[in-house]
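Colleague: Sharing a sequence plus its predicted fold:
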Amino acid sequence: MDDSTRFFNTLRPRLQAIAYRMLGTVAEAEELVQDVWLRWHEADQSELDNAEAWLVTVTTRLAIDRLRVAKVQREHYTGFWLPEPQLTPEDSLASPEQLLERADDISMAFLTLLERLAPEARAAFLLREVFDADYAEVAQALGKSEAACRQIVSRAKVQLKEDRVRQPVSPDTHYRLLSGFADAARRGDFAALQTLLAEDAELIGDGGGKVPSFGKVLAGGARIAQLYLATWLRGHKGELKLQLELVHLNGRWGLLRFVDGQLESAQDFETDGERITRIHVQRNPDKLQRLAEAWAVTKAGGTSS
């Protein structure tokens, strides 16, 4: 492996992280980073003043272009569009503060929220607020002045402020609530499920038009509890073989639900520290394929949670 390839591979995780947060799908992010690699290979690297900045700029601009196309396509998407979830390793060495920060900037809720932003605003916000780029770097990546980038980031923060998590919840608290919910779902305990759900809780599902899913937000803790109870009843009657697994999903604890041995959904949970307030359920098989493969590898390696 030559120095050029080693340098690129060192930066690949950062480039992949930018692309994933921009596009919301693992497949598209991987494809984009491969395109960046081809451009890197073809570039006259001796002429680059700052190779890392060049790679970040190319990644960002390609992501902006692809997101513009994706946004048009998503306008015709069947039902709700949710990001493609991915397994993320639990870092036993990270501090609680670091875990909170990482979970916040890669969670399904955060990636879904970012869909509100125009492509350039999303790029500027991510580079500045998530990847700690200074405004000179943001300006270079977007091809705009620093003053313009400051305005873009400021407006993006205002646009996202209302629905950002106001009170961070510790990983231990999140795990306690989710494990209790999973246990209640396994037992078909309607009362426990309802107790763990906020009265105004919401469930948002993405079936992509390929599997059944709600075309609107399912609102109300009691209604959501009834949905989980109905699934349990089908399993109890022998109509389905159900399995729930607690996993680290996009930086925090979530659930994988298997039906008859196949991954049926990946479920991300938002909480206020006392109850579950929102559930994002990814059911689109296309967005579960890589997750199912990653889970199979994890199980085979004996490192499941």
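Modeller: The structure has been received and is ready for your questions.
Colleague: Okay, domains of the protein per the record?
Modeller: Using automatic domain parsing, the domain parsing of the chain gives 3-161, 171-301.
Colleague: and those, which one's lowest on average pLDDT?
Modeller: Comparing mean pLDDT over the domains of the chain, the weakest stretch is domain 3-161, at a mean of 90.
Colleague: Need the distance between the two termini of it.
Modeller: Chord length of domain 3-161, first to last residue, is 43 Å (Cα to Cα, to the nearest Å).
Colleague: Can you show me the strands along the protein?
Modeller: 197-206, 218-219, 242-249, 252-259, 262-271, 276-282 (DSSP state E).
Colleague: measure the closest residue to residue 125 other than its chain neighbours to residue 121 for me?
Modeller: Nearest in space to residue 125, with sequence neighbours left out and distances taken as Cβ to Cβ, 6 or more residues apart in numbering, is residue 156 at 4.1 Å. Glycine gets a C-beta too; all of them are placed from N, C-alpha and C. In this view, residue 156 and residue 121 are 5 Å apart by Cβ to Cβ, to the nearest Å.
Colleague: any common contacting residues for these two?
Modeller: With Cβ atoms under 8 Å, 6 or more residues apart in numbering applied, the contact sets of residue 156 and residue 121 do not overlap.
Colleague: how many neighbours does residue 141 have?
Modeller: Per other Cβ atoms under 10 Å, the neighbour tally for residue 141 reads 25.
Colleague: Correct me if wrong: it contacts residue 120.
Modeller: No: using Cβ atoms under 8 Å, residue 141 makes no contact with residue 120, being 9.9 Å away.
Colleague: residues touching residue 139, list them.
Modeller: Per Cβ under 8 Å, 6+ apart, neighbours of residue 139: 145, 146, 148, 149.
Colleague: surely the second one meets residue 136?
Modeller: In this case it means residue 146. Yes: Residue 146 lies in contact with residue 136 (Cβ under 8 Å); the separation is 6.2 Å.
Colleague: Which one's more surrounded, these two?
Modeller: Neighbour count, other Cβ under 10 Å: between residue 146 and residue 136, residue 146 has more, with 14 against 11.
Colleague: Quick check: residue 216 vs residue 205, distance?
Modeller: Relative to residue 205, and taking Cβ to Cβ, residue 216 is found at 10 Å.
Colleague: Could you pull up the contacting residues of residue 106?
Modeller: By Cβ under 8 Å, 6+ apart, the neighbours of residue 106 are 20, 21, 88, 250, 251.
Colleague: re earlier: of residue 216 and residue 205, who's got more company?
Modeller: Taking other Cβ under 10 Å, residue 216 and residue 205 do not tie; residue 205 has more neighbours (24 against 9).
Colleague: Cool, thanks, talk later.
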